[in-house]
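Colleague: Have a look; sequence and predicted model below, questions after that.
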Amino acid sequence: MDLGFLLHAIIPSVDSAAILITFLTYLAIAGSILPGKVVPGAVLQDGTRLHYRCNGLFALTLLVALLGFGAYMNFISATVISDRGFELLSTTFIFSVLVTSALYVAGCRSRNKSSSLKPHVTGNLIHDWWFGIQLNPQFMAIDLKFFFVRAGMMGWLLINLSVLAKSIQDGTLCRSMILYQLFCAAYILDYFIYEEYMTSTWDIIAERLGFMLVFGDLVWIPFTFSIQGWWLLHNQIYGIQRSK
């Protein structure tokens, strides 16, 4: 790949920022209003517990249906994500840095004594920024930790579907791509079918929300878990011939 093209491709654009903001806004609204099972989280040190609305499968199904309809009606391009992969990667990375910094500042200023929001400041800037200060920070009544991991898993599927659309458009669809899509879709759907189990994982109940989790959820999950799809998109797979 040409270095100049790569450097140009990773520069964030207004369109990539709009895609990311629209996606996160949809998740925030859908997660708040769509029906779903309300699951109590683990009991915290102060005896309180958070409650999570597990409607991720509903939100994901509705989102895919809306995007499919939009692509069918030519309102949007099915390949918009695969066409702007590097842009979205850099945009999401910058967003993760900004969110982490905002969480750090808000945590340092917090005087809340609850287990969820009590700041844990060590005085080491790098440590506190990386690992986070608060256990369960919220924004507009949205639990950010649960929200970000949901966004990462959905983003992974959306990237895959856009890569699939691109391979069909380019006429490079192969058996390996189909199998990759099926296996990933099964894994992602399994996550959302049993989404309530996420509320008892170590990430949710014990780790504070810093760059490690924000980057891991928003960047690492969707953009590295989909590497195989990107590779298959640009590399033709041939059958293995037996030697005579």
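Modeller: Sure, I can see it.
Colleague: and the nearest residue in space to Gly85 that is not next to it in sequence, how many neighbours?
Modeller: Of all residues not flanking Gly85 in the chain, Trp230 sits nearest, at 6.9 Å (C-beta to C-beta, 6 or more residues apart in numbering). C-betas here are computed from N, CA, C, even on glycine. Applying other C-beta atoms under 10 Å, we find 16 other residues in the vicinity of Trp230.
Colleague: What is the strand or helix carrying Leu89 packed up against?
Modeller: Assessed by DSSP states H and E, Leu89 sits inside helix 85-109. Applying 3 or more C-beta pairs under 8 Å, 6 or more residues apart in numbering; DSSP states H and E, we find helix 85-109 packed against helix 3-9, helix 14-33, helix 125-131, helix 211-215.
Colleague: can I get these in a markdown table with mean neighbour count?
Modeller: Converted to a markdown table, the helices and strands packed on helix 85-109 look like this (neighbours: other C-beta atoms under 10 Å):
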| stretch | mean neighbour count |
| --- | --- |
| helix 3-9 | 10 |
| helix 14-33 | 15 |
| helix 125-131 | 14 |
| helix 211-215 | 21 |
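Colleague: which stretch among the ones you listed comes nearest Ser116?
Modeller: Among the helices and strands packed on helix 85-109, the nearest to Ser116 by C-beta to C-beta is helix 211-215 (14.9 Å).
Colleague: pLDDT of that closest one, averaged?
Modeller: Taken as a whole, helix 211-215 has a mean pLDDT of 97.
Colleague: Same check on stretch 138-155?
Modeller: Averaging pLDDT along stretch 138-155 gives 94.
Colleague: Stretch 27-35 too?
Modeller: Summarised as a single mean, pLDDT over stretch 27-35 is 95.
Colleague: Number of residues surrounding Pro119?
Modeller: By other C-beta under 10 Å, the residues close to Pro119 number 20.
Colleague: same deal with the one 5 residues further on?
Modeller: For Asn124, the tally of surrounding residues (other C-beta under 10 Å) stands at 10.
Colleague: if I look at it, how far off is Tyr180?
Modeller: 41 Å (C-beta to C-beta, to the nearest Å).
Colleague: now swap in Glu196 and tell me
Modeller: Glu196 sits 28 Å away from Tyr180, going by C-beta to C-beta.
Colleague: now swap in Trp156 and tell me
Modeller: 12 Å.
Colleague: More neighbours: which of the two?
Modeller: The neighbour count for Trp156 versus Tyr180, taken as other C-beta under 10 Å, is higher for Trp156 (22 against 19).
Colleague: show me the contacts for Glu195.
Modeller: 54, 56-57, 150 (C-beta atoms under 8 Å, 6 or more residues apart in numbering).
Colleague: do that again at 7 Å, thanks
Modeller: Residues in contact with Glu195 (C-beta atoms under 7 Å, 6 or more residues apart in numbering) are 54, 56-57.
Colleague: Select from these the one having the most neighbours.
Modeller: Ranked by the number of neighbours (other C-beta under 10 Å), the contacts of Glu195 place Gly56 first, at 26 neighbours.
Colleague: What distance do you get for Ser116 to Gly123?
Modeller: With C-beta to C-beta as the criterion, Ser116 and Gly123 are 22 Å apart.
Colleague: what does Val219 give?
Modeller: Relative to Gly123, Val219 is positioned 27 Å away (C-beta to C-beta).
Colleague: of the two, who's got more company?
Modeller: Each of Val219 and Gly123 has its neighbours counted (other C-beta under 10 Å); Val219 has more, 20 against 6.
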